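> Take a look and give me a structure for this.
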Amino acid sequence: SKSHNMAGWRVGMLASNPTFINWILKVKSNIDSGQFKPLMLAAVKGLEADKDWYDEVNATYASRRKVAEEIMSALKCTFDPRQKGLFLWGRIPDDEASSESLADRVLYAGRVFITPGFIFGSNGDRYIRISLCATEDNMRKALDRINKMNNKQ
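Residues are numbered from 1 along each chain as shown. Predicted structure coming up:
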């Protein structure tokens, strides 16, 4: 789903040997009754996209990624520039109490919501996550607000 700009839609595919497929179907039949048909039809359309569509989407996300990196730098967070995907994870500075306190400060002082990593489990305790799903314009506005917040401190 993420590779086709449908983050959160939980669309995927399974390929395996028949024994494993049957085990998974047995579990799934007790958990859900399948995907919502319009969602599946949209996924099929996504799979029909040509290379130009992917090139355009990748360029859009690459541009947003640069802004996300600027936000991380403004917050003095470190990150691995080799990360891939729709999110940029950054380690918060050692002098920050927690990812929650940093996210709260940015929210209340800068009016920008950044996801604290702790909500994803203990491995995210000292991290924040920035989504690349916002428009570049909105991400630039967030960066401006964070820079103004930093200048007031």
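> Please state the backbone phi and psi of the most centrally placed residue in the chain?
Central residue of the chain (Cα atoms, centre = their mean): Phe87, 3.2 Å from the mean position. Here is the backbone geometry of Phe87 (degrees, to the nearest 10): phi -140, psi 150.
> list the contacts for it?
By Cβ atoms under 8 Å, 6 or more residues apart in numbering, the residues touching Phe87 are 129-132. C-beta coordinates here come from the backbone N, C-alpha and C atoms, glycine included.
> wait, which of these is closest to Ile92?
The nearest member of those to Ile92, counting by Cβ to Cβ, is Arg129 at 11.1 Å.
> need the longest helix for this protein.
Assignment by DSSP state H gives helix 51-74 as the longest helix of the chain.
> so how far is that helix from its chain's centroid?
12 Å (Cα atoms, centre = their mean, to the nearest Å).
> Past it, which element shows up next along the chain?
Counting by DSSP states H and E, the element after helix 51-74 in chain order, helix or strand, is strand 87-91.
> Using CSV, write down the CA coordinates of the longest helix of the chain.
C-alpha atoms of helix 51-74 as CSV (Å, rounded to 0.1, in the frame of the first residue of the first chain):
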residue,chain,number,x,y,z
LYS,A,51,7.0,4.3,-14.6
ASP,A,52,6.2,8.0,-15.1
TRP,A,53,3.8,7.9,-12.2
TYR,A,54,6.4,6.3,-10.0
ASP,A,55,9.0,8.8,-11.1
GLU,A,56,6.7,11.7,-10.3
VAL,A,57,5.7,10.3,-6.9
ASN,A,58,9.3,9.6,-6.0
ALA,A,59,10.3,13.1,-6.9
THR,A,60,7.5,14.5,-4.7
TYR,A,61,8.6,12.5,-1.7
ALA,A,62,12.2,13.3,-2.3
SER,A,63,11.4,17.0,-2.1
ARG,A,64,9.3,16.5,1.0
ARG,A,65,12.1,14.4,2.5
LYS,A,66,14.5,17.4,2.2
VAL,A,67,12.1,19.5,4.2
ALA,A,68,11.7,16.8,6.8
GLU,A,69,15.5,16.7,7.2
GLU,A,70,15.5,20.4,7.7
ILE,A,71,12.9,20.0,10.5
MET,A,72,15.0,17.3,12.1
SER,A,73,18.0,19.6,12.0
ALA,A,74,16.0,22.5,13.4
